[in-house]
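Asks: this one's structure only:
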């Protein structure tokens, strides 16, 4: 070694460092360290090296020592990393058992990193076990269990209408979507553009509300709809009369609907007495999901209502009717299936399964 910071390099070292320092394909850190050693070998001071390479004195000292100890090999930065976790059956069982328990810090569910730190394993191991077991602790699903003692009989009756409807009869799923708000945005809508979603302002003006009655024909998928300012038994009966008028005079009509009080009033009972060819089929309590029209209501909510901008209640009604007409023009029957791991619904040796 020469005096000061200067290093004595062999010919091979000089050639090797020069090739590394001029390389455009090697890692930038490797090139930086080769330039540092070459400057030390040329007798450059620490201050000069710090200024030209934008580094610090401790970094210069560290790589100088590494080069003196191991030569060119000392400039490499190999990190073996953390050894891979071996997922034994015992470790899998331990992760799954811990996942089913609540964290001790008061939080409601585990994250990969939190459980990994608690068990002293890698987060990748936890993630792999969760993926294999289909566990998603961050997700939550809600349910409403029916307490109807006649659930099986009512559900089988409705499912039978879907899968084996009576010959020459019409089957309609009827319900109402109430209090639909005619919301008008106060700020301009920023349209969709590359890399940016459509934006709506937070402020809005409420023009009013209306109700939407809908009857879905299970055989064709077509929907007959009617908007109304109020949600009353009288409006419901008027809508039923419209539905009946759509069918031939002698055709039997089966109507699936939920247990709303407006569906069981005296005026409704009088309607049934005057129209003996109409038969109601009520879904079990807390089981309106058995009504196919609920699927269609979810669709019109996504397609029209949720992001819609309505300048008035009549504007809302017009856009709802336009959507209904367009939907019915290309409607198809809903491929509805039922599956409940806690119940098996049978009707005339009919089993309904699916999703």
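Replies: Nice, thanks for sending it over. Just so it is clear, the structure is predicted and the values come from calculations on it, not from any experiment.
Asks: quick one: low-confidence parts of this protein?
Replies: The chain contains residues with pLDDT under 70 at 1-6, 78-85, 337-355.
Asks: can you pull out the helices in it?
Replies: In the chain, the helices defined using DSSP state H lie at 11-21, 28-41, 46-53, 57-70, 89-99, 112-119, 123-133, 151-163, 233-245, 266-274, 293-300, 313-329.
Asks: tell me what the longest one is packed against?
Replies: In this structure, helix 313-329 makes packing contacts with strand 170-185, strand 204-217, strand 223-228, helix 293-300, judged by 3 or more C-beta pairs under 8 Å, 6 or more residues apart in numbering; DSSP states H and E. Quick note: C-beta positions are derived from backbone N, CA and C, even for glycine.
Asks: do that again at 7 Å, thanks
Replies: When contacts are defined as 3 or more C-beta pairs under 7 Å, 6 or more residues apart in numbering; DSSP states H and E, helix 313-329 packs onto strand 170-185, strand 204-217, strand 223-228.
Asks: what's the closest of the helices of the chain to residue 181?
Replies: Nearest to residue 181 among the helices of the chain is helix 313-329; the distance by C-beta to C-beta comes to 8.2 Å.
Asks: report the angle between the closest one and strand 223-228.
Replies: Helix 313-329 and strand 223-228 are oriented at 170 degrees to each other (axes from the mean of the first three to the mean of the last three C-alpha atoms, to 10 degrees).
Asks: re earlier: can I get the helices and strands packed on helix 313-329 in JSON lines including distance to residue 278?
Replies: Formatted as JSON lines, these follow (distance: least, C-beta to C-beta, whole Å):
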{"stretch": "strand 170-185", "distance to residue 278": "10"}
{"stretch": "strand 204-217", "distance to residue 278": "12"}
{"stretch": "strand 223-228", "distance to residue 278": "15"}
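Asks: so what are the domain limits for the chain?
Replies: Taking automatic domain parsing as the criterion, the chain consists of the domains 11-75, 89-133, 151-191+207-329.
Asks: re the thing from before, among the helices of the chain, which comes closest to residue 193?
Replies: Nearest to residue 193, of these and by C-beta to C-beta, is helix 313-329 at 24.3 Å.
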